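**Q** Structure for this input, please:
(chains A, B, C and D, ligands or ions: 2)
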Amino acid sequence: MASSAHTSPNHPYIPSTDSERAEMLGAIGVDSLDALLEDIPAQHRHPKLNLAAGLSEQELSTVFGSIAAENASPSSGYISFLGAGSYSHYIPSTVRSILQRGEFVTAYTPYQPEAAQGTLQVGFEFQTIVCQLTEMEVANAGMYDGPTAFAEACLMAARVTKRTKIGVLSSTDKRLSDTLLAYSKYQGIEIVEVAADATDIPDDLACIGIQSPNFFGEIEDVQRLTKLAHDNGALSVVHVNPTALGMFKAPGEFDVDIVTAEGQPLGVPMAFGGPYVGLFACKKAHIRQMPGRIIGRTTDTKGRTGYALTLQTREQHIRRERATSNICTSTQLIGLMVTVYAATLGKQGMKDLASLCYQKAHYAAAEINKLDGYSVKSSGTFFHEFVVTCPSAPPKINEALLKKKIIGGLDISDRSESGMLVCVTETSSKADIDRFVKALSEIGVSA
Amino acid sequence: MASSAHTSPNHPYIPSTDSERAEMLGAIGVDSLDALLEDIPAQHRHPKLNLAAGLSEQELSTVFGSIAAENASPSSGYISFLGAGSYSHYIPSTVRSILQRGEFVTAYTPYQPEAAQGTLQVGFEFQTIVCQLTEMEVANAGMYDGPTAFAEACLMAARVTKRTKIGVLSSTDKRLSDTLLAYSKYQGIEIVEVAADATDIPDDLACIGIQSPNFFGEIEDVQRLTKLAHDNGALSVVHVNPTALGMFKAPGEFDVDIVTAEGQPLGVPMAFGGPYVGLFACKKAHIRQMPGRIIGRTTDTKGRTGYALTLQTREQHIRRERATSNICTSTQLIGLMVTVYAATLGKQGMKDLASLCYQKAHYAAAEINKLDGYSVKSSGTFFHEFVVTCPSAPPKINEALLKKKIIGGLDISDRSESGMLVCVTETSSKADIDRFVKALSEIGVSA
Amino acid sequence: MTISINAGGVDRRLLMDRSVTGRKAFTLPASDVPTQNLPDSSLLRDDVELPEVSQLEVIRYFSVLSQLNFSIDTNFYPLGSCTMKYNPKINDELSNLPGLANIHPLQPDVTVQGAIRLLKNLQDDLGEITGLSGVSLAPLAGAQGEYAGLLIARAYHDARSDSARTVAIVPDSAHGTNPASAAMAGLEVVTVRSDDQGNVDVENLRELANSNTAVFMLTIPSTLGLFEPNILEITKIVHDAGGLVYADGANLNALLGVVKLGDLGVDICHSNLHKTFSTPHGGGGPGSGPVMVTNELAKFLPKPVAVKTDVGYVLATPEMSVGSINGFHGSFSIAARAYAYIKALGQEGLRSVSENAIISANYIQAKLRDKYDLAADRYCMHETVLSAARQKKRGVAGLDIAKRLLDFGIHAPTMYFPMIVDEALMVEPTESESKETLDHFIAVMRQIDDEVDSAPELLHDAPHDLPVTRLDEATAARKPVLRWSAEV
Amino acid sequence: MTISINAGGVDRRLLMDRSVTGRKAFTLPASDVPTQNLPDSSLLRDDVELPEVSQLEVIRYFSVLSQLNFSIDTNFYPLGSCTMKYNPKINDELSNLPGLANIHPLQPDVTVQGAIRLLKNLQDDLGEITGLSGVSLAPLAGAQGEYAGLLIARAYHDARSDSARTVAIVPDSAHGTNPASAAMAGLEVVTVRSDDQGNVDVENLRELANSNTAVFMLTIPSTLGLFEPNILEITKIVHDAGGLVYADGANLNALLGVVKLGDLGVDICHSNLHKTFSTPHGGGGPGSGPVMVTNELAKFLPKPVAVKTDVGYVLATPEMSVGSINGFHGSFSIAARAYAYIKALGQEGLRSVSENAIISANYIQAKLRDKYDLAADRYCMHETVLSAARQKKRGVAGLDIAKRLLDFGIHAPTMYFPMIVDEALMVEPTESESKETLDHFIAVMRQIDDEVDSAPELLHDAPHDLPVTRLDEATAARKPVLRWSAEV
Ligand SMILES: Cc1ncc(COP(=O)(O)O)c(C=O)c1O
Ligand SMILES: Cc1ncc(COP(=O)(O)O)c(C=O)c1O
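**A** Ligands and ions are numbered 1, 2, ... in the order given. So this is what the prediction gives:
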């Protein structure tokens, strides 16, 4: 029960030594730590913590080495064809290099702009890049991830239109609609499904939420659906894949009101699902209903350009229960990765990348489509993901693939019969694709 | 033959575009690059370069991935007991973290001290740390590596004593004496061997060069040998292992004149042999005969403390053919690694590290000594390296070990019959050692 | 502290201002597959307007920008409520191991046993530390942890058909995310007063707690850096009224091994891994805000929860889960860092963290109390809330003091929060700063107090030597410029 | 360009000044083996006096120090003869792959096939680029490459029993390492004059070359940034006298795909991987200075040389090798970076490097020649040597101009070298800087020339805003303080 403050061995993360602690306690005017803890019910003070003893850094590295070794990844010889919201892309060295700069990594949210111009200017660049990719007027400095960005966009549409019914296209990833559900559950919002080929929607919708490329990898007719929404007084909320924007028309061209995206494909490791960053852009008219942090350009008392958080009156720390969102800590550092990524690839790189993904995925689809028993189910144009209808249950096929060190596509038989959602990016070589196709053909109906 | 300056596709490392190049050529007043190359014999201009086409970063990563995969290392499951001048030690994260700072990595030699106080202050810290480890009065900012430091130390002894015969202890690593040979070959220097138990040396020696722990891992009687040298008007040059200095008496305690060491054990990856850094310290009296860069403390015009290269009149860029060494580019960045390493381990860490190496090596030696056919050949005190006399030819044993993913000790049968030089550091767990011992016992005479 | 190495100021032009047609920083590999047909050209885009710069320009631009920041790695950063402690470098490294960074969130469980095991172990450790054994690592930040916790509270009441409970009682000292999260959860926010000691006004609470009470949200220690002495009574009042007690654990850095929230009657809490557990703040995220609940509430946790079964580790969805609050499984690589932190410190080390954090904060408080008012005149926990009320009377605002600190290479404390304290300056030194650094801060704060009288203009115009002086935030908000454009 | 974020200056105290007994930044694992007997205590040391600081202090101390440097990553750095070009980040990464960083130099060849293959491929590429196919990567820097090359020259003459050749002829414009290396190789240094065009005075050379001539050391392009127009005549003169031609290839950045040294009659050369081949300078090393020789001389190369055999790649010792010039196999991880650089650029890219380097240097020269004298009034190669003679007459030295540049965030050119040029300022922009950066430099240099008349004190007192003003180097050398001590 006794305090260990005076006797604990020094730890590399804790500089104070026994004698310094004693000196400080003396200055405080107490002779033990416990004197400072009197507000804490005595019977609950200093509970036993059933945790292991601390490890040295070398031991810690060994522990993590084993953990990492229990996972199958490219470095352990696996190839993978999973997508569905998280994508394998080559990350340029510039991204990792800049990400190592402690001045970015270990700073807080830029509440003191004079001491955070680095973070702020990068955030402004991020907003610019999001606008450029989407061709939208304004963007915020990032959301938690793609699905929360989509959910908040739909809620924002409800605020803007003052309507409480949200339409979501039926071809949308369940991860988007599920998050929307969890985000809207107690806000009196009703969510309705809208068919992709709908020509008619209820006239009380706040928005149509559209994913394009959709969950199945296909490009939706955003232009038509946006017009349909607008004709019915609803907004159009479009969730895009930013890599596809290197090739396909941007939502901004179609008068879309709010655009969201998962930023992960832009230079962020898959990392078992996070952290990622949600991209969020909208029309300038709706700016004051935007959730999230926003960085603005201004001048200092000497007339020099500088950047600062702005429109903070939307935010929780000022507006509290009437804020546009509860977001506080967001995803600034992931935004940095996206920014460095986009700056590195640049105009030509984003174009080349999208083209490469498209070419490889279409090659893979064509080869798989030739196989007995397999067919590619595609009604329109897909980008780098497509649905394969398999000759037997996708989980069985995946199990067989795994034995060959291949992580197959996602089992989506709940949404498409015997369906497997396959993704191919620039990180798959032709040899990888051929290996996958060969394995599929060997497995075939036998799985 | 035509210049490709105007048509080459842009490369990420080269910013100028075709139109910028044209503009610059215009400003220069020529209409093609070739006009600038007229001094070059025309028949030899623009030769064919038989090299492959450039690779994208992603392709380059793949190429290097294959190269790295062809090497056996701990990450491919191998354990190793090699030492003999390059040592496996755990490198703290602080070292790698600081080493990523571009301001250190991409700066030049600090010729403009006002713009290089970072590099310079680190160098001053490095000199301090070398002095502290060795207990010597002064140190330079680093040499190419341990062997060149040793060679230059012996040559310095010749300059100081104005003698031309250099004695080297017979227990010294051939890598030291070979380098000394290559360094002294045309300088009228004669190298003679001195027995470790010599009680008498020629009276015209410039120095006795001593390695301690010696090539066989044992501590030499530096005190006695130094006295012997001094009694004969020679200097004592001692090459140490800096890790051992966490435990064993420092050469400074024995009135040694010049101390050198391979700095690699202090936080520098083995990296197949380099780059490393040579540590070099000596008595203050000999300071103006020291080779290499030296950093000194001084003040600026406002009285503030600052650091600058000093005693440059010893150096090639001033003294030219009369310089104390030809060193120009040295090993500043490796010196940074050593400095961060020593600062991280600190007083207690260096002590604990030496003790851990000692304990593990002695455990391994004791276990091996128990095996049939193997014996540890040790006359005195060893630190973390020792000689095992094997029951069959060490290369045969090593070949058998390799099949078990064990890289055995160094074959030194040329210097010790059936001898294998084994090194054990803190990076070997007891399990690794036991695996090694078990493998040796299984191999035994059968190899 | 760092210093200028350039006159004439930094070149603040944006990437687009530096862009030159045809320049590039990267090349994609050529395609190695046969050429495929392109889709209808009406779908295709001409060009994406993005910067065209060289690779060196990318590196130099961002490297130079980074130097304009204060950060833990370069500055003392006593920002209250934010726990700006040392972010161990090894944790960044380990979380970037290829076997952790390059795994897809939808890989079959058998291929990610290490990853799920890590999550399970971290859940267990957080459960042990807080005394609340149901843990989900899904929330992506503290605010999302709050929201998840409130969803759980609502689901709990719903499951008991007690759905009329639509009120969240929140102290006036609460962080803004508390009421904002409550509103998202469809709860009406009712404020409970703090008393003059900074404690919850128990009588006021007693009046407010009733059959409408869904949850009482308490920050422990409070945003005043104080431990609530009536905590046991408070949790009883709420429970007696049928409500649940939610603890905002953003300040958990004070409590490791000192007290367990679960022992105090807390039902639900969140913790910020990016505060107490040392994961880097990144200039504003990413974070991770795990939610911890009692055993009874565990079935409502958001998905996924890592579970150990006979066939190995799996990611499971709790029986009555409140669902998916984001795309995948939370901030995995942040969780990995936090796990590394806990393993490195162990039980002894974690306790030492809190003890030292508490001593450091009280030391600063003791050494400054003659010059600055205290929000509450008692021992604090891991942070002390000063008030610049006295200085304000002498003509200098808390803001001026905060800005002046920047001139000394010290980041400003949290200003004007909690809102109930006049001219609040919330100082959290953390355990990872040395006594020497604290003494330096104390000396500077005392000097600044002198300057209030001797050189007030130094404070009014501060900061002086930073990349910018004070910014015109009003114009920024009135005429927002939020992106580069050719004209700006 | 970076800027101050702190008033009051940087805390320049050394680590030992920050040391507190008992503090630590690292813990070693506990021993897992049975306790062993310690040696005789007379051998043992009490304590090593080393800093005792926390881990955060280590990170903060060095991070802040780093910001005091100019570097390629943060500044334009036109330091002549040093080729301060972009150091690609990918090269650092690749050279740190565990399979390259964690291999022991004495591992059996079969376990390091990748590493030896890399060395062999790099040897081949360097041979192709220079037209000299015998390559050893052993030398650890340019100066060691020179020394190795001179050893080879001596070994060659010795092998022919022509040992009376003990003279190295060296131009007056040569870098200091040339005569210093020659002296180490026991050669007498005889200087050949440069003519008024900056070329080797051919007649003077003809007089000096004779049966004592071991080697003629020529820097190509010269340290004046000029290509020697009489190169074919020169190599013939030396060969006719029975000597060998050594080319200092530190300036190879001008010649990639432009001309091969071997084609010009060069017998031996070295190249600095840390210049032309983009490996980082590291604040003064590590470097790598491969030596390249004709086929005939290959048997004398220092060991080791990577060779491909039937049984795989091996490290071999050439037949008549001059021996071991250092501990192991040279700077392996620097070689790895250089190899990555060559692979990334390929034949087209490498040629483009030199072409662009040449254009950039000539552009600067053309834009400054009306304000600054030129060392030689002709087109330069990859660098231009200006002279501040005109400014000197107006009261301002080359040094002042160099220091003033620092105020603009531009690193100074190489000053007072080559020695034969009055007030030399040697400017090497490299191919990796944009035209925009060159234009900025040009504008600043022109402004400085204005300041010579309008504000000379700005130049005399420069730099103004760096961490220190000019340092008292005389006292530093007279009373050297080379290490921390309790008193200093
Ligand atoms: C007391 C308190 N609660 C909640 C939060 C919100 O946490 P987050 O920023 O991770 O959303 C914070 C963060 O500043 C806080 O200080
Ligand atoms: C022309 C010339 N030769 C030789 C050298 C020596 O190379 P290093 O510094 O790598 O020893 C240099 C380096 O500055 C140089 O510029």
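
**Q** residue boundaries of the helices in the stretch 301-447 of chain A?
**A** Remark: helices assigned in the stretch 301-447 of chain A by DSSP state H, counting those that start in this stretch are A:316-319, A:332-369, A:394-403, A:430-443.

**Q** and those as a markdown table, adding mean pLDDT?
**A** Below are the helices of the stretch 301-447 of chain A laid out as a markdown table (pLDDT from 0 to 100):
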| stretch | mean pLDDT |
| --- | --- |
| helix A:316-319 | 82 |
| helix A:332-369 | 98 |
| helix A:394-403 | 97 |
| helix A:430-443 | 97 |
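
**Q** looking at those, which is closest to D:Val33?
**A** helix A:394-403 (40.3 Å; C-beta to C-beta). Quick note: C-beta positions are derived from backbone N, CA and C, even for glycine.

**Q** and chain A, which of its residues are near ligand 1?
**A** Those residues of chain A that sit near ligand 1, judged by C-beta under 6 Å from any ligand atom, are A:328-329.

**Q** Determine the longest strand present in chain A.
**A** Longest among the strand segments of chain A by residue count, using DSSP state E, is strand A:205-212.

**Q** To D:Val189, which of the helices of the stretch 301-447 of chain A lies closest?
**A** helix A:332-369 (48.9 Å).

**Q** what is the orientation angle of the closest one with helix A:430-443?
**A** Counting by axes from the mean of the first three to the mean of the last three C-alpha atoms, to 10 degrees, helix A:332-369 lies at 50 degrees to helix A:430-443.

**Q** Helix A:332-369 packs against which elements?
**A** When contacts are defined as 3 or more C-beta pairs under 8 Å, 6 or more residues apart in numbering or on different chains; DSSP states H and E, helix A:332-369 packs onto helix A:93-99, helix A:102-105, helix A:117-134, strand A:375-377, strand A:385-389, strand A:419-423, helix A:430-443, helix C:55-66.

**Q** Out of these, which one sits most buried?
**A** Of all those, helix A:117-134 has the most neighbours on average by mean count of other C-beta atoms under 10 Å in any protein chain shown, namely a mean of 28.

**Q** That helix near chain B at all?
**A** No. Judged by C-beta under 8 Å from any C-beta of the partner chain, helix A:117-134 stays clear of chain B, getting no closer than 14.4 Å.

**Q** Next, the angle helix A:332-369 makes with that helix.
**A** Helix A:117-134 and helix A:332-369 are oriented at 30 degrees to each other (the same axes, to 10 degrees).

**Q** Just list what helix A:117-134 packs against, helices and strands only.
**A** Judged by 3+ C-beta pairs under 8 Å, 6+ apart, the packing partners of helix A:117-134 are helix A:102-105, strand A:138-139, strand A:278-282, strand A:295-299, strand A:305-309, helix A:332-369, helix C:55-66.

**Q** Tell me which of those is the most buried.
**A** Greatest burial across those, using mean count of other C-beta under 10 Å, falls to strand A:278-282, with a mean of 30.

**Q** Let's test this: mean pLDDT of it, rounded?
**A** Strand A:278-282 shows a mean pLDDT of 98.

**Q** tilt between it and helix A:332-369?
**A** Interaxial angle, strand A:278-282 versus helix A:332-369 (the same axes, to 10 degrees): 100 degrees.

**Q** Strand A:278-282 near chain C anywhere?
**A** No. Against chain C, strand A:278-282 shows no contacts by C-beta under 8 Å from any C-beta, the least distance being 8.8 Å.

**Q** about what we covered before: now for the longest strand of chain A, which elements pack on it?
**A** Judged by 3+ C-beta pairs under 8 Å, 6+ apart, strand A:205-212 is in contact with helix A:146-161, strand A:165-169, helix A:174-184, strand A:190-194, helix A:222-231, strand A:235-240.

**Q** The helices and strands packed on helix A:332-369: which one's closest to ligand 2?
**A** Judged by C-beta to the nearest ligand atom, the one of the helices and strands packed on helix A:332-369 that comes nearest to ligand 2 is helix C:55-66, at 21.3 Å.

**Q** Quickly check: that closest one near chain D or not.
**A** Yes. Counting by C-beta under 8 Å from any C-beta, chain D is contacted by helix C:55-66 at C:55-57, C:59-60, C:63-64.

**Q** So which of those is the closest to chain B?
**A** C:Gln55 (4.2 Å; C-beta to the nearest C-beta).

**Q** where does the chain have low pLDDT?
**A** Since you didn't name a chain, this refers to chain A. Scanning chain A for pLDDT under 70 picks out A:1-9, A:447.

**Q** nope, chain C
**A** C:1-9, C:488.

**Q** Repeat the analysis, applying 50 as the threshold.
**A** Along chain C, the model assigns pLDDT under 50 to residues C:1-8.

**Q** Grab the longest strand from it for me.
**A** strand C:213-219.

**Q** thinking again about what came up before, nearest to D:Ser95, out of the helices and strands packed on helix A:117-134?
**A** Smallest distance to D:Ser95 across the helices and strands packed on helix A:117-134 (C-beta to C-beta): 17.1 Å, for helix C:55-66.

**Q** Wait, A:Val130 touches A:Gly278, no?
**A** No. The pair A:Val130 / A:Gly278 is not scored as a contact, 10.1 Å apart, by C-beta atoms under 8 Å.

**Q** Need the overlap of contacts for those two.
**A** Shared contacts of A:Val130 and A:Gly278, defined by C-beta atoms under 8 Å, 6 or more residues apart in numbering or on different chains, are absent.

**Q** where does the longest strand of chain A sit relative to the chain's centre, distance-wise?
**A** Averaging C-alpha positions (C-alpha atoms, centre = their mean, to the nearest Å) puts strand A:205-212 19 Å from its chain's average.

**Q** can you pull the buried residues of that strand?
**A** For strand A:205-212, the neighbour count (16 or more other C-beta atoms under 10 Å in any protein chain shown) marks A:205-212 as buried.

**Q** Tell me the strands beside that strand, with direction?
**A** Next to strand A:205-212 in the sheet, as set by DSSP bridges, lie strand A:165-169 (parallel), strand A:235-240 (parallel).

**Q** Can you say which of those is nearest to D:Ala185?
**A** Using C-beta to C-beta, the nearest of these to D:Ala185 is strand A:235-240, at 66.8 Å.

**Q** can you give me the angle the very next helix or strand once past the closest one makes with strand A:278-282?
**A** Past strand A:235-240, further along toward the C-terminus, the next helix or strand under DSSP states H and E is strand A:258-262. Relative orientation of strand A:258-262 and strand A:278-282, computed by the same axes, to 10 degrees: 170 degrees.

**Q** quick one: contacts of strand A:258-262?
**A** The contact list for strand A:258-262 (C-beta under 8 Å, 6+ apart) reads A:85-86, A:134, A:136, A:143, A:145-147, A:149-150, A:152-153, A:156-157, A:207, A:235-242, A:251-252, A:276, A:278-283, A:286, C:327.

**Q** what do you get if the cut-off is 6 Å, keeping everything else the same?
**A** A:134, A:136, A:146, A:149-150, A:153, A:237-240, A:242, A:251, A:276, A:279-282 (C-beta atoms under 6 Å, 6 or more residues apart in numbering or on different chains).

**Q** Could you give me the PyMOL syntax to select whichever of the residues you listed are buried?
**A** To isolate the buried members of the contacts of strand A:258-262 in PyMOL, using 16+ other C-beta under 10 Å:
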select buried, chain A and resi 134+136+146+149+150+153+237+238+239+240+242+251+276+279+280+281+282
